[in-house]
Each structure stands twice: as structure tokens, then as C-alpha cells.
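In: build the 3D model from these lines:
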Amino acid sequence: MDHSSLQPSSPYSSSDCNSVLPCFEPVSKGTELEHLKERVVEGEEKNVLVLKALESLSSIKDCLSRVAEGLEGEEDVTYVKELSEEPESESNELMEVLKVVSRYAREVETRIEKHKELRKKEKRELESSLISLTEENRDVSNLLRIALLEKEALEKRVKGNEHNKRMPLLQFAEFGLHKVGFGFMMGTGTVDQPIETKSDSSESEHVVSLEIHVIEDSSVTFECKASTVERIMKNLRLEITHLRRSLEEARSDTERLQCLTEKQGKEIAENKEYIKDLEDRERVLAHNVEEFMMEIREAEEEVARWKEACELEVVAGKNEIQERDKLVDALKLELQKTKGALEISRGKLRLKEEVAATAIAAQEAAERSLKLADTRAVELRERMEELTKQLEEADKRERTTHKQRRRRRLCWPWQLFNLASPPEMNALLY
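Out: Purely as a prediction, here's the structure:
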């Protein structure tokens, strides 16, 4: 009976089951150790690179701190505090140092911009002060020139008046000196002057006093005019410097506004480009979303079809399972019957094996007896050969003696044994 026909035919083969099960490949210890060594070496190389990066970043931090101190003229306290903090690991330290360096770079950039603006303001103030000083020098030189011209004009006027009034003045002075006891300026002729000159001297004194008053009044008016002009010029210079400063501030404001407008224009252009890119991305994403929605709908339809097919398969599988259960029950009955037949056949086989064992034992005993008979026959044959040799020797002796004595009769038929062959002797023996 063929037992393979009794096995139920399943819809899933063993090859499919083997393909479904995951294949776990064992990894040897040698490969794991090599992989770990490689990872350790890579980790050491990364640590070396991180240390080098930390050293370079620390040097960059020092340079930036020195630049900041040079710009501001005072030590940065935050840098010292950040250096005093100890990070937990090298990666955290690297990240902290990178953050600090980036922040210091931004601070140094802002400080440099402030320093540039201060330098520009100082330069503009120096230029404005230089221009104001040059203009003030020009105004002072003009005023000095005007004063010199007025002085020359006054000197000319005074010289012209002195030419007409020199004599009465000299006479008045000579008269006064004569009173004191000196005589000069006019020589000896002055002593011989009459007393009539007293009236002239009084007139000359009056004229001189008038001229002196006129000169003093003109000098006072000149000084008043010069002071007023100087005051006006100072006020004008102050107004000019104030206007220049306001102009420079307005220029700086306009430049700053221009820079801001340029930056804002660049930012606006960049934002426009970014908006365009975002719009393009939005279009692409909308198109992709539509495609994904179509694919999702198709997938949902396919899932519904597969669901229906699976439900049908489940129903068919249940029916198949019921049929298989019935078949299994029938096969179980057949298996019980076959088990009884197998037990009977096993008993028969045991009997046959016992009979065969007894036959084999008898055959072995027969073979042993045959071997013993063969060995005995061989021994007898050897004995017979020895006896034949002895008989031949005895026959030879007898012949020699027969020739000498001539015996009349033989005691044993030796000739028969000499003429007979070994197989005939064996037949006779057995």
C-alpha cells in the first residue's frame, strides 16, 4: 500500500513556507571583532579630528576676543565665563565652541561696524573742524588786512594833520620843557622868542586836545565795529559749523538709509526669489499631492478588490477546510486500519526474522562443520602422503632386499595404494 497517497495535498508548498520564513545568517566572531576594531579606529580618528577642531576653534576664539578687546578697550567677561564652564563630552564641547565662535564673530562684526561708523564720524568732525578753522583763519586774515588798511589810512590822516600842526605842538612842548629847565628841539633860537608865543601855545594845546579826542573817538568806534564784526563772524562760524554737522549727520543718515534700502532691496529680491521657489514647490507639491491622491484612490480600489477576493478565498478556504477535515477523518480511519495491518505484518516479519536467524545459525554451523571436515581431510591427506612416502621407501627397501632374498609372498597389497589416485583414496576413506 502506497502511504504517500494518504497524505493531504495542501495549497501551500514547502518552498513557499521556506521563502516566507526569514533567513538568519550567523555572523562569525572574527568578522564581529574586525568590525569592532574598524569602528574603534574610526572613533579614534574622529576624536583626533575633534580635538584638532577644538584647538583651532579655541585659537579662533582667542583671536576674536583679542580683536573685541582691541576694539572696545576692555576685557570680555562672557568669554571667560564660557571658558570656565566644562562640557560633559567632546561633541557637546565642540558644539558649544562652535556656538561661541559664531556668536563672537557676529559681535566682532557689529563692533567693527560701530568702530567704522565712529571713525567716519570722527573723520567728518575733524574735516568740519579743519574747514571751520581754515575759514576762521581766512576771516581773521581778512580782518587783519582790513585793520591794517584802516591803520594805514589813519596814519596817513595823522601824518597829514601833523604836518600842519607840528610847529605849535613842538612849541608847546618846548615851552613846557623850558619851564622845567631843558632846551632842545628848536635849537638856541627858541630862547630869543618873545612872550607872544603864549597865545599860540594855548591855541595849539586846544587843537591837539581836539585831535586827540577825535583820534580816541575814531579808535573807539573802530574797536566797536571790529568787536561787532568779530561777534557776527563768530556767530556765523558757529551757525556754519552747526549746519555742517547737521549736513554731515544728514549725509550719514542718508548713507545709512541708502545702505538699509540696498539691503532691504536685496532682501526683497531674495524674498521674491524665495517666494517664487516656494510657489514652484507648492505647484510641484500640489501636483504630487494630486498624483498621490489618484494613486491612493487606485490603491483603495485595488484594496477593495483584494478584500473581495480575500473574502471569497476565505469562504473557499473554509469549504476546503471542511472537506479536508472530512478527508482527515477518513484518513485517520484508514491509518488505524493500516496500523493494525502493520502490526500483523510486523509480527510476521519478526517470525521470518527468527526463522532466518535460525537458518543463518544452521548455515553457520554447517559451514563450521565443513571447515572442520576440510581441515580434517587436509590433515588426513598429509598423513596419507607421509604414509605413501614411507611405503615407497619401504618398497624400495623390500625390492632391494627381495633381490637379495627373493621373498615368496607379499604381506600387504602396496601396489594398489601406489596405483590409486588421491581422490580414489578419499572415496575409499569416506
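In: ok, Tyr104 - how many residues close by?
Out: Close neighbours of Tyr104, defined as other CB atoms under 10 Å, add up to 21. All C-beta spots, glycine's among them, are computed from the backbone N, C-alpha and C.
In: pLDDT score for it?
Out: Note on Tyr104: pLDDT of 74.
In: check which element follows the helix or strand containing it along the chain.
Out: Assigned by DSSP states H and E, Tyr104 belongs to helix 90-180. The helix or strand immediately downstream of helix 90-180 is helix 197-405, counting by DSSP H and E.
In: other SSEs contacting that following helix?
Out: In terms of contacts (3 or more CB pairs under 8 Å, 6 or more residues apart in numbering; DSSP states H and E), helix 197-405 is packed against helix 90-180, helix 414-419, helix 422-429.
In: just the pLDDT at Trp77, thanks.
Out: I think there's a mix-up here, since residue 77 is Val and not Trp. 43.
In: just Leu387 next, same as before
Out: Here the pLDDT value assigned to Leu387 is 90.
In: how many residues are close by Leu57?
Out: For Leu57, the neighbour count with other CB under 10 Å is 17.
In: I'd guessed it sits against Leu98; true?
Out: Yes: with contact defined as CB atoms under 8 Å, Leu57 reaches Leu98; the gap is 6.7 Å.
In: now Ile275: how far from Arg281?
Out: 10 Å (CB to CB, to the nearest Å).
In: for Leu351, same thing?
Out: For Leu351 relative to Arg281 (CB to CB), the value is 91 Å.
In: kindly report the same for Lys61.
Out: 39 Å.
In: give me the more crowded residue out of the two.
Out: More crowded of Lys61 and Arg281, by other CB under 10 Å: Lys61, with 18 against 11.
In: the strand or helix carrying the more buried one packs against which elements?
Out: Assigned by DSSP H and E, Lys61 belongs to helix 29-72. Applying 3+ CB pairs under 8 Å, 6+ apart, one finds that helix 29-72 contacts helix 90-180.
In: kindly recompute the last result at 10 Å.
Out: The contact analysis (3 or more CB pairs under 10 Å, 6 or more residues apart in numbering; DSSP states H and E) places helix 29-72 against helix 77-84, helix 90-180.
In: so how many other residues sit close to Ala120?
Out: One correction, residue 120 is Lys, not Ala. As a burial measure, Lys120 scores 14 neighbours (other CB under 10 Å).
In: find the residue closest to it in space, skipping its chain neighbours.
Out: Ser252 (7.0 Å; CB to CB, 6 or more residues apart in numbering).
In: how much space between the one you found and Glu122?
Out: On the measure of CB to CB, Ser252 and Glu122 end up 12 Å apart.
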